[in-house]
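Undergrad: The following block contains a protein sequence and its predicted model.
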Amino acid sequence: MSSKWFEGFAPQRRVAGEVDLFLRTGGRADGAPLLLLHGFPQTHVMWQRVARALAPHFALVLPDLPGYGDSTVAPDEPEHAQASKRRMAAALHALMRQLGHERYFVAGHDRGGRVAHRLALDQPAAVRRLALLDIAPTLDMYEATDLPFARAYYHWFHLIQPAPLPERMIAGDAMHYLHAKLGGWGSAGLAHIEAEALAEYERCFARPENIHGACEDYRASAGTDLDLDRASRRAGQRIACDTLVMWGQRGVVQRLFDPQSLWQAQCAGRVTPLALPCGHFIPEEQPAATAAALRDFFR
């Protein structure tokens with residue numbers, strides 16, 4: 001492992017709600033706090049190069065989402081409520097308060113972006129600014145489902161099948177599934193992933209409890225989360241803060257959706273759009289551009 005891998009970042013564990021979160025903290029002690037949230041099928045290490053570039057400017061918090069990486073999986077509940085984005089967001093808000101951060105910035109990629117969206121809705125006084133990377137709103141994506149979307153995002157419909165069918169199918173060759181996901185959504189196979197990061201993804205993803213945690217995340221998104229999103233829209237609830245929306249020019253989100261317009265409809269603040277020449281894994285395919293955009297937006 002590289003001697004500079006997460007140099008200056010302290011690993012720790014914190015209990016937040018029903019989950020035991022693994023995280024790293026680092027950066028500028030007196031800087032504005034910035035919470036970085038990863039997506040599927042990854043862990044917090046996807047942010048390594050971005051975090052190194054942001055470290056001189058922010059107090060950085062990089063957790064593994066509940067059910068991913070080295071964070072624990074909450075016990076199953078009816079309707080997969082333990083994996084709802086509201087419950088994940090509540091755990092992360094509790095984490096930030098434990099660390100002494102009452103108000104903070106949030107950036108989320110993929111699943112982490114969906115947790116960040118709910119965090120901004122549920123904790124508007126805490127989230128100062130928000131960055132969402134390569135997602136459109138969950139409700140809009142599901143309601144626009146057609147054949148091209150189902151082909152591109154087939155995992156949305158596979159992972160939500162009742163347990164243990166998808167868990168057992170993935171566990172049959174977990175490394176092949178992981179590599180197919182990581183390579184299929186990028187724009188250069190696995191070349192964008194650092195060797196240390198790939199080793200961490202392989203170590204964590206192969207665990208049966210993590211495969212189940214990921215499936216529960218998606219099951220919640222196809223039920224409980226949609227109910228929460230519909231309730232928020234009926235109540236006229238929108239993201240209160242300014243929001244940076246980033247997406248890959250070679251990804252599914254650009255091909256099938258209009259992320260700028262969809263997020264502007266859900267945001268009472270100003271939406272800043274940014275499309276980068278890459279696929280889905282923006283922080284790893286374009287780490288320098290990602291870090292520069294986050295630094296400029298949050299400063």
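TA: Great, that's in hand.
Undergrad: can you give me the end-to-end distance of stretch 178-197?
TA: 13 Å (CA to CA, to the nearest Å).
Undergrad: Touching it from outside, list them.
TA: 1-2, 5, 40-42, 45-46, 48-49, 155, 198, 201-202, 205-206, 248, 250-252, 278-281, 284-285 (CB atoms under 8 Å, 6 or more residues apart in numbering). Heads up, the C-betas are built off the backbone N, CA and C, glycines and all.
Undergrad: Tell me which stretches of the stretch 101-250 of the chain form strands.
TA: 104-109, 127-133, 243-248 (DSSP state E, counting those that start in this stretch).
Undergrad: Put together CSV for the ones you listed, with mean pLDDT on each row.
TA: CSV is the format used below for the strands of the stretch 101-250 of the chain (pLDDT from 0 to 100):
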stretch, mean pLDDT
strand 104-109, 99
strand 127-133, 98
strand 243-248, 98
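Undergrad: Just tell me which of those strands ends up closest to Y177.
TA: Of all these, it is strand 104-109 that lies closest to Y177, at 19.6 Å by CB to CB.
Undergrad: Which other helices and strands does that closest one contact?
TA: strand 32-37, helix 111-122, strand 127-133, helix 287-298 (3 or more CB pairs under 8 Å, 6 or more residues apart in numbering; DSSP states H and E).
Undergrad: Can you say which of these is nearest to E18?
TA: For E18, the closest of these is helix 111-122, at 15.3 Å, according to CB to CB.
Undergrad: Make a PyMOL selection of whichever of the contacts of stretch 178-197 turn out to be buried.
TA: Those of those that meet the burial criterion (16 or more other CB atoms under 10 Å) are gathered into one PyMOL selection, given here:
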select buried, resi 40+41+42+45+46+48+49+155+198+201+205+248+250+251+252+278+279+280+281+284+285
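Undergrad: what residue lies at the spatial centre of the chain?
TA: G112 (1.5 Å; CA atoms, centre = their mean).
Undergrad: separation between D20 and F9?
TA: According to CB to CB, to the nearest Å, D20 and F9 sit 19 Å apart.
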